[in-house]
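Participant: Need a 3D model of the sequence below.
(2 chains)
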Amino acid sequence: MLGLDYIRKNADHVRECAQHKGENPAVVDEVLRVDEAWRAAQTEAESRREQQNRLSKEFGKTRDEALLPSMRELAASVKERMAAADELKGELDRLLLLVPNVYDPSVPLGETEDDNVVIRHWGDKPQFAFEPRPHHELAVALGMLDLERAARVSGARFAFLLGAGARLQRALIDFFLDLHTSEHGYTEVNPPYLVNSASMVGTANLPKFAEDAFRVEGYDLWLVPTAEVPVTNLHREEILEASALPLRYVAFSPCFRSEAGSAGKDTRGYIRQHQFEKVELVKVTTPETSMEEFEGLTADAERALQRLGLHYRVKAMCTADMGFAQYKKYDLEAWAPGVERWLEVSSCSVFNDFQARRANLRYRPGPGEPPRFAHTINGSGLALLRTWTALVETYQQADGSVRIPDILRPFMRGLNQIGPPA
RNA sequence: GGGGAGGUGGCUGAGUGGUCGAAAGCGCUCGCCUGCUAAGCGAGUAGGGGGUGUGAAACUCCCUCGAGGGUUCGAAUCCCUCCCUUCCCGCCA
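Facilitator: Sure thing, here's the model as predicted:
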């Protein structure tokens, strides 16, 4: 969330940002209205409390029982005023969680996803001497992927990876974790896959996006929609030493998303699932270094695509498509020649202190200095499902087999191709 | 799941109704002292919010001793519920 003080002083800017993000700017005015009412109630309640504290101390010394009736009355009045102020504060806190983050001046203004800006490409579209096939034909024929049985076992938008297909995914996970830990300085984390509501609020998945996540019935637990949630919350409620920053974590996890509103789009094949696996990069930094660390994290994710030899592009997300909590966001899209589409394999975001405020994640700039909110950054490095898909389609061969790129062979026990189909 | 013990500041740890946002120690910061270092001496050192008010300040009040509720003029301290930690038993991968 944004700081209350920031909203008070920059209401116009916050409203404008909300507008361009496609959010309702009226929430800003509600915040200001409730804030004013809360402060009035707070001041009133506190001045009575002060009086009560004073008299109570007095009574402790004198034990003058004649004071008791009026003190009882005062106590009741304080209780009443405090309750009124608390109620307003509760309302204010609830509203603050609904104010979207502002964005960086470099973010392109836009109204739809068509206004996102491609800022760079890497590699070229692979050329084929034959008609490349879509993964949901190719991989199914190779026995690597089974969507039909998954529908029977779980439902639509679930998948089985089988045999070399499962092995290929495991190889990719290993490759990503190795790359980011040994070459990019991230610490490997194996996080919980169920998190409580407070953690979901911390990363801004709650309260606004509850319908996108799966909740465990009977418990205050949610299936993680991304490892971003547990890992960003790893140091929630802590004051970190400045010397410990930046923290760099890499975590593998499955990700569970209901995304109830998105039915009909991307639901064909193995592109959008209720469960997918992902290697996630998370950084916690100081405000001074966050933009630089954000660019660095994006470059780290790109390196994974480069090593795999996948043609990709980087898009700067426009205001309308960047999301509620993000301060700036890049999407990495890999080219999938079979379905002839760009597939989003990573989304890298910097949040400034938006998540850190929600999670009360702070650091101390120096000895004796007051704590400040940290900045948080995350991005996929990479999402397995779509990387797997782009890889299979890119490295397919005329006979229906899939070549394993050199970089992955050590992770596949030297296997150099999958198939051809029997 | 059953039973016991416990959750206090950056850390360790006192504190069973008012003089306690909290002893003591460690750590840290500043100063003094000593060829340097170490040791020693002195001072300071939790977080959040409101008001007045400035370029930061300063002053002042309120809240916070796991969370929430209750008793009381007054709660770290008494009562209730919940969460977490830990030990023993059960169960289990």
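
Participant: For the rest of this, base every contact and every neighbour count on C-alpha atoms.
Facilitator: OK.

Participant: can I assume A:Gly202 is in contact with A:Asn233?
Facilitator: Yes. Counting by CA atoms under 8 Å, A:Gly202 touches A:Asn233, with 6.7 Å between them.

Participant: contacting residues around the nearest residue to A:Tyr363 once chain neighbours are set aside?
Facilitator: In this structure, A:Tyr363 finds its nearest non-sequential neighbour in A:Leu240, 4.2 Å apart by CA to CA, 6 or more residues apart in numbering. Contacts for A:Leu240 (CA atoms under 8 Å, 6 or more residues apart in numbering) come out as A:362-364.

Participant: Equivalent analysis for A:Ser182, please.
Facilitator: A:Ser182 neighbours (CA under 8 Å, 6+ apart): none.

Participant: What's the end-to-end length of stretch A:413-422?
Facilitator: Length of stretch A:413-422, first residue to last, CA to CA, to the nearest Å: 22 Å.

Participant: Check which residues of it are buried.
Facilitator: Neighbour-count burial for stretch A:413-422 flags A:417-420 (criterion: 16 or more other CA atoms under 10 Å).

Participant: I'd like the distance from it to the chain centre, please.
Facilitator: How far stretch A:413-422 lies from its chain's middle: 36 Å, per CA atoms, centre = their mean, to the nearest Å.

Participant: average pLDDT across it?
Facilitator: Here stretch A:413-422 scores 89 as its mean pLDDT.

Participant: Residues contacting it, please?
Facilitator: So stretch A:413-422 is in contact with A:141-143, A:164, A:399-406, A:409, going by CA under 8 Å, 6+ apart.

Participant: change it to 6 Å
Facilitator: Contact with stretch A:413-422 is made by A:142, A:400-404, A:409, as judged by CA atoms under 6 Å, 6 or more residues apart in numbering.

Participant: which one of those is nearest RNA strand B?
Facilitator: Proximity of the contacts of stretch A:413-422 to RNA strand B (CA to the nearest atom of the strand) peaks at A:Arg409, which lies at 30.9 Å.

Participant: contacting residues for A:Glu320?
Facilitator: For the record, residue A:320 is Ala, not Glu. Counting by CA under 6 Å, 6+ apart, A:Ala320 touches A:20-22, A:110-112.

Participant: ok, these vs RNA strand B, which is closest?
Facilitator: Comparing the contacts of A:Ala320 against RNA strand B with CA to the nearest atom of the strand places A:Lys21 closest, at 26.0 Å.

Participant: who's in contact with the closest one?
Facilitator: A:Lys21 neighbours (CA under 6 Å, 6+ apart): A:319-320.

Participant: Then the one 4 residues further on?
Facilitator: Shown in contact with A:Pro25 (CA under 6 Å, 6+ apart): A:15, A:18-19.

Participant: If you rank those residues by neighbours, which is first?
Facilitator: Top of the contacts of A:Pro25 by neighbour number is A:Ala18, holding 24 neighbours under the definition other CA atoms under 10 Å.

Participant: Can you tell me the closest non-neighbouring residue to that one?
Facilitator: Leaving out its chain neighbours, A:Ala18 is closest to A:Pro25 (CA to CA, 6+ apart), at 5.3 Å.

Participant: how much space between the one you found and RNA strand B?
Facilitator: Per CA to the nearest atom of the strand, to the nearest Å, A:Pro25 is found 21 Å from RNA strand B.

Participant: likewise A:Tyr327?
Facilitator: Separation of A:Tyr327 from RNA strand B (CA to the nearest atom of the strand): 21 Å.

Participant: Isn't that residue up against A:Tyr103?
Facilitator: Yes. Counting by CA atoms under 6 Å, A:Tyr327 does reach A:Tyr103; the two are 4.2 Å apart.

Participant: more crowded one of those two?
Facilitator: A:Tyr103 (26 against 23).

Participant: List the residues that contact that one.
Facilitator: A:Tyr103 sits in contact with A:Tyr327, where contact means CA under 6 Å, 6+ apart.

Participant: Give me the neighbour count for A:Glu148.
Facilitator: If you count neighbours by other CA under 10 Å, A:Glu148 ends up with 15.

Participant: Please apply the same query to A:Leu162.
Facilitator: A:Leu162, neighbours per other CA under 10 Å, totals 17.

Participant: Could you find the closest non-adjacent residue to it?
Facilitator: A:Met144 (4.7 Å).

Participant: Contact residues of chain A facing RNA strand B?
Facilitator: Listed as neighbours of RNA strand B in chain A under the rule CA under 7 Å from any atom of the strand: A:4-5, A:39-40, A:42-43, A:46-47, A:49-57, A:59-60, A:63, A:68, A:71-72, A:75, A:239, A:367-372.

Participant: Neighbours of the closest residue to RNA strand B within the stretch 101-250 of chain A, how many?
Facilitator: Closest residue of the stretch 101-250 of chain A to RNA strand B, CA to the nearest atom of the strand: A:Ile239 (6.7 Å). For A:Ile239, the tally of surrounding residues (other CA under 10 Å) stands at 16.
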